[in-house]
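Q: Build me a structure from this.
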Amino acid sequence: MIEDPDVGVLRLLVAAARQGSISAAAREGRVTQQTASARLRGLEQRLGLELLLRSPHGVTATAAGEAAASWAEDVLAASDRFRAGVDTLRGRRRRSLTVAASQTVAAHLLPGWLVALREQQTRAGHAPTQVRMLNANSREVEELVRAGTADLGFIESTSVPDGLSTTAVCPDALVVVVAPGHAWASRSSVSIREVAQAALVVREEGSGTRRTWEDAVLSRLGAGPSEPVAVLSTSAAVRSAVVDGLGPAVLSGLAVADDVRLGRLVEVPLDGEPVQRMITALWRGGRRDLSAVSRELLEVAVRLRG
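A: Residues are numbered from 1 along each chain as shown. Predicted structure coming up:
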């Protein structure tokens, strides 16, 4: 009979399979690389299975390793629920939360998530969480989470930061918008090359929206976009500048939906594949380092998916 593996080594397996690195799994598990490697070798010997293919460039999960990691995630989720339940019974559950969110998330997604979280807590008979929200661009959100100023962060970007735990929440598409009197307003579509060559109104450096657009232009055209006509620090300021006729903009579809519906802006379809980025949650440490209330909010966000 095979002895049940402990939760700690299952966390190492899941992290190694996800990140492709035993050293990264060790950092997440707060053990040395030698310890992590030895424990994973011991797990393979105990199970009689090769779970990870090792190379100088990292590790890759075998078919058996992928299956084992998937089952391990179920075990870890149950362990997290057990720990949260015990914390609740002992009266040690955190009821405050600091969330850093990029502007799109803060304005258009997070309020709905917080309402749903409060309703969920009320049904469960729990005291409502006191939430402090920090509004910043994606780069600043990452810095706030790294510094420990925020318990949980939400960004919108085509890339995820190193050294933090992340999980995808929902996709968000970028759209081209112009003033009703702009020459593109009557067009059935525009090409990405046309938009890239236009002088746009854009967000500041560090904005997930701006980075997503620039990455898309570079990957599809092999060169970056033209110099912007204006650089503004908020999506609201960009929208106002577009309405005033300063130039087109590429913004989150969530951010411009009301202006388009009211006729203040016109959305011009973009030829080809849509430009999308993922709304991503990030936090320090591994999943076990999430407070119970952080985990609750994250589960609400993933369930609602925007």
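Q: Going by C-alpha atoms from here, please, whenever you check contacts or count neighbours.
A: Will do.
Q: Mind listing the residues bridging to V99?
A: M133, L152 (DSSP bridges).
Q: Secondary structure element for H126, which one?
A: Using DSSP states H and E, H126 sits in no helix or strand.
Q: Can we start the residue count at 36 from this point?
A: Sure thing, new numbering starts at 36, so read that last one as H161.
Q: Would you list the phi and psi of it?
A: Main-chain torsions, H161, degrees, to the nearest 10: phi -100, psi 150.
Q: for this structure, what spans make up the strands?
A: 87-90, 93-96, 131-137, 165-171, 187-192, 200-213, 236-238, 265-267, 284-287, 301-303, 310-318 (DSSP state E).
Q: could you check the angle strand 200-213 makes with the fifth one?
A: Read it as strand 187-192. Angle, strand 187-192 to strand 200-213, by axes from the mean of the first three to the mean of the last three C-alpha atoms, to 10 degrees: 40 degrees.
Q: In CSV, list the C-alpha atoms belonging to strand 187-192.
A: C-alpha atoms of strand 187-192 as CSV (Å, rounded to 0.1, in the frame of the first residue of the first chain):
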residue,chain,number,x,y,z
LEU,A,187,-4.0,41.0,-3.6
GLY,A,188,-3.5,42.8,-6.9
PHE,A,189,-5.4,42.7,-10.2
ILE,A,190,-3.7,43.8,-13.5
GLU,A,191,-4.4,43.7,-17.2
SER,A,192,-1.4,42.7,-19.2
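Q: pLDDT (mean, whole number) over it?
A: Mean per-residue pLDDT for strand 187-192: 91.
Q: do the second one as well
A: With pLDDT averaged residue by residue, strand 93-96 scores 90.
Q: Now for the residue lying closest to R319 once chain neighbours are set aside: which residues touch it?
A: Distance criterion C-alpha to C-alpha, 6 or more residues apart in numbering; nearest residue to R319, sequence neighbours excluded, is L199 at 5.2 Å. Counting by C-alpha atoms under 8 Å, 6 or more residues apart in numbering, L199 touches R181, L317, W318, R319, G320.
Q: before we move on, what about A141?
A: Counting by C-alpha under 8 Å, 6+ apart, A141 makes contact with N170.
Q: ok, so what distance separates it from V230?
A: Noted for A141: a distance of 27 Å to V230, by C-alpha to C-alpha, to the nearest Å.
Q: where does the closest residue to E108 other than its chain neighbours sit relative to S105, distance-wise?
A: Residue nearest to E108 in three dimensions, not counting chain neighbours: V49, with 6.9 Å by C-alpha to C-alpha, 6+ apart. From V49 across to S105, the span is 8 Å (C-alpha to C-alpha).
Q: of the two, who's got more company?
A: For V49 versus S105, neighbours defined as other C-alpha atoms under 10 Å are more numerous around V49 (22 against 14).
Q: Surely the more buried one is in contact with W106?
A: No. Using C-alpha atoms under 8 Å, V49 is not in contact with W106; the gap is 9.4 Å.
Q: quick one on the thing from earlier: quickly compare the strands of the chain and say which is most buried.
A: When you average the neighbours per residue for each of the strands of the chain (mean count of other C-alpha atoms under 10 Å), strand 187-192 leads with a mean of 30.
Q: which residues in this protein form helices?
A: Using DSSP state H, the helices assigned to the chain run over residues 42-54, 57-64, 68-82, 98-124, 138-143, 145-158, 173-181, 227-232, 243-256, 270-278, 288-297, 327-339.
Q: Out of these, which is closest to M313?
A: Between M313 and those, the shortest separation by C-alpha to C-alpha is 9.7 Å, and it involves helix 243-256.
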